[in-house]
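# With the sequence up front, the predicted model follows.
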Amino acid sequence: MAQTPRYRFAPSPTGYFHVGGARTALYNWILAKQTSGVFVLRIEDTDDSRNNPQWTQGIVDALAWLGIDGNDSHFEGPYFQSANAALHVEAAEKLFAQGKAYYCDLTTEDIQKRAKELGGQNERQGYDGYSRDRGLGPGPGRVLRFRVPSGATIVQDQVRGSVEFDNATIEDFVLLRGNGSPVFLLANVVDDITQCITHVVRAEEHLPNTPKQQMIWDALGITPPSWAHVPVLVNEQRKKLSKRRDKVAVEQYREEGILAEAMKNYLMTLGWAPSGDTEIVSFEKITDEFKLVSVNHSPAFFDIVKLQAFNADYIRALSLEEFITACQPWLMSDKAPWQASEYDLKVFTEIAPLVQTRVQLLQEVPSMVDFLFCDSPILDDAAFVKAFAPEWAVTTLIEIRDGFKVCEFTPDALKAVVESVGEKHSLKLGKLQAPLRVAITGRSVGPPLFEPIAMLGREATLKRIDVALAKKI
RNA sequence: GCCCCCAUCGUCUAGUGGCCUAGGACACCACCCUUUCAAGGUGGCGGCACGGGUUCGAAUCCCGUUGGGGGUGCCA
């Protein structure tokens, strides 16, 4: 009888959703989909006090953003590890009853002291099995330790092949703390068993602890799941991504205006690659082609520059309507530099095609169109000084202004005015427009100029030119 | 200390003994286009960590060295 494959994703609640976790979640989700299996979301929280509902909601929201949908029939959870504490303890007691675990009353200090006496120079030496045969029963302050059998433990890993650990190098580890509470290593195994987990796909950092978990599975008499340890994500120093140093929160990228599809696609190119000569592919193709065995073995650098390049690509691929819709949260935000009442969707709709090819992040959009919604442009002083440095700047701008006073107010006519001034002074359009651009938009770079000027209207345009001229003279 | 993992352009990767004069993507540079900035087009720069084997033949298999990372808690 074929068993339904069950993949568990087990983030710890830390107040944010790690990009590395996002990639692992994607792996699990894809695998569950491919095998008509189930994606089980379990929140790792052996300690109840860690169980912050807001944090859990953050994880659920971030997963949903990535398309890992809590309403899908392939999705189960979230489950809370702490809710099963009784089962964890029960399993530990079973192990004790069978002699596969034993109590020990040594404190951490005692263990270090013994190690020093016995081992000599080695400063880091583990527990030596002192209480193995002392026949201690449970009691306050006594921990329950697993009796590591002799021999070797072989972990069959779908990514790495078979990895052998000599049991002699694994100390008798703790199952139950002195206060009777289970440690996460045990909790995870018991939860995996009770939730009938068949596949464990997680980051490589867990590989060295896997033989311990596998020994617990064996001791409990249950066949261990299929393991897969995928490489970690690292920073430019090649260190595991950490909240302290690195920008690791998925939420943060979402707020900056990274598109979910871009994030998913980029994450999937880390440690794996779709077939063909392009890395930007549909999630359908990824779901089709992804295989654990073809996942790389080495850590991958999380390159924000490349993520943004992917995002720019995805933004350009949006239809105009989709792009406009996607921009709204940033345009309507109170962080936008204009009065909310000044924002006009119709105006933005007109200029949107010009900004779509010019942004990498959606959060860059407001600064590209602010001059249309603010009373006066937000002036970049350096740009102003530079644009008005040439001696022809003021003269030509006056001529342009005078032309604007009488010409038809369309992009073509406006352009013709500026061009004719350019001919008169033998200046190319590219140079000549600089002072005008700064006067109108406040900046030296931005979308093409004449369309927005036409949208702004004659009165506002002339006023801005005069303000700039007054500032210069 | 001990254990485990890893090693192809700067970065992410393709590559599973001859198709490799090592392919693509991001970044970078140049040129074209151009109304600034983008976008787009064309081209360029740039890599198998090192040393030994095995083989007619090695980026690919084996051993070693070096270098990186991770684990080793009464954290998760």
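Happy to help now that I have it.
# Tell me the gap between the helix or strand bottoming out on mean pLDDT in chain A and the middle of its chain.
In chain A, no helix or strand scores lower on mean pLDDT, DSSP states H and E than helix A:108-119, which sits at a mean of 77. Centroid separation between helix A:108-119 and its chain, computed with CA atoms, centre = their mean, to the nearest Å, is 42 Å.
# now stretch A:357-366
Centre-to-centre, stretch A:357-366 and its host chain are 19 Å apart (CA atoms, centre = their mean).
# Determine how far the last residue of it lies from the first.
Start-to-end span of stretch A:357-366 (CA to CA, to the nearest Å) is 14 Å.
# Run through the strands of the stretch 151-300 of chain A in chain order.
A:152-157, A:161-166, A:174-176, A:199-203, A:226-230, A:233-234, A:300-301 (DSSP state E, counting those that start in this stretch).
# same question but for the stretch 301-450 of chain A, I mixed them up
Counting by DSSP E, counting those that start in this stretch, the stretch 301-450 of chain A contains no strands.
# for it, which spans come out with low pLDDT?
Along the stretch 301-450 of chain A, the model assigns pLDDT under 70 to no residue.
# picking that back up, how about the very next helix or strand once past the least confident helix or strand of chain A, does it reach RNA strand B?
Sequence-wise, the next helix or strand downstream of helix A:108-119 (DSSP states H and E) is strand A:143-146. Yes: Strand A:143-146 comes into contact with RNA strand B (CB under 7 Å from any atom of the strand), by way of A:V143. C-beta: built from backbone N, CA, C; applies to glycine.
# can you check stretch A:12-27 too?
Yes: Stretch A:12-27 comes into contact with RNA strand B (CB under 7 Å from any atom of the strand), by way of A:S12.
# before we move on, back to that, ranking the strands of the stretch 151-300 of chain A by burial, who's on top?
Comparing the strands of the stretch 151-300 of chain A by mean neighbour count (mean count of other CB atoms under 10 Å), strand A:174-176 ranks first with a mean of 24.
# Against which helices or strands is that strand packed?
Strand A:174-176 sits against helix A:85-97, strand A:143-146, helix A:184-194, with contacts defined as 3 or more CB pairs under 8 Å, 6 or more residues apart in numbering; DSSP states H and E.
# Pick the most deeply packed of these.
Note that of these, strand A:143-146 is the most buried (mean count of other CB under 10 Å), with a mean of 24.
# pLDDT averaged over that one - what is it?
Across strand A:143-146, pLDDT averages out at 96.
# Give me the contact list for that strand.
Strand A:143-146 is contacted from outside by A:92, A:95-96, A:100-104, A:127, A:131, A:138, A:172-178, A:212, A:215-216, A:219, using CB atoms under 8 Å, 6 or more residues apart in numbering.
# Stretch A:149-166 now?
Contacts for stretch A:149-166 (CB under 8 Å, 6+ apart): A:167-168, A:170, A:201, A:207, A:210-211, A:214-215, A:226-230, A:292-293, A:295, A:297.
# thinking again about what came up before, now do the least confident helix or strand of chain A: which elements does it pack against?
Partner elements for helix A:108-119 (3+ CB pairs under 8 Å, 6+ apart): none found.
# which parts of it are buried?
For helix A:108-119, burial by neighbour count (16 or more other CB atoms under 10 Å) applies to A:111, A:115.
# does any bit of it sit next to RNA strand B?
Yes: under the criterion of CB under 7 Å from any atom of the strand, RNA strand B is reached by helix A:108-119 at A:T108.
# just the CA coordinates of that helix, formatted as PDB?
Extracted C-alpha coordinates of helix A:108-119, given in PDB (Å, rounded to 0.1, in the frame of the first residue of the first chain):
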ATOM      1  CA  THR A 108      27.100  21.000  33.100                       C
ATOM      2  CA  GLU A 109      29.900  22.100  35.500                       C
ATOM      3  CA  ASP A 110      30.400  18.600  36.800                       C
ATOM      4  CA  ILE A 111      30.700  17.300  33.200                       C
ATOM      5  CA  GLN A 112      33.300  19.900  32.300                       C
ATOM      6  CA  LYS A 113      35.200  19.100  35.400                       C
ATOM      7  CA  ARG A 114      35.200  15.400  34.700                       C
ATOM      8  CA  ALA A 115      36.200  15.900  31.100                       C
ATOM      9  CA  LYS A 116      39.100  18.000  32.200                       C
ATOM     10  CA  GLU A 117      40.300  15.400  34.600                       C
ATOM     11  CA  LEU A 118      39.800  12.500  32.200                       C
ATOM     12  CA  GLY A 119      40.600  14.000  28.800                       C
END
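# Could you list the low-pLDDT ranges of the stretch 51-200 of chain A?
Residues of the stretch 51-200 of chain A meeting the criterion pLDDT under 70: A:118-125.
# how about the residues of the stretch 201-350 of chain A that lie near RNA strand B?
For the stretch 201-350 of chain A, the contact set with RNA strand B under CB under 7 Å from any atom of the strand comprises A:204-209, A:231-232, A:234, A:237-240, A:269-273, A:277-280, A:294, A:296-301, A:303, A:305-306, A:309, A:312-313, A:316.
# and with 6 Å instead?
By CB under 6 Å from any atom of the strand, the part of the stretch 201-350 of chain A that sits against RNA strand B consists of A:204-205, A:207-209, A:232, A:238-240, A:269-273, A:277-279, A:294, A:296-301, A:303, A:305-306, A:309, A:316.
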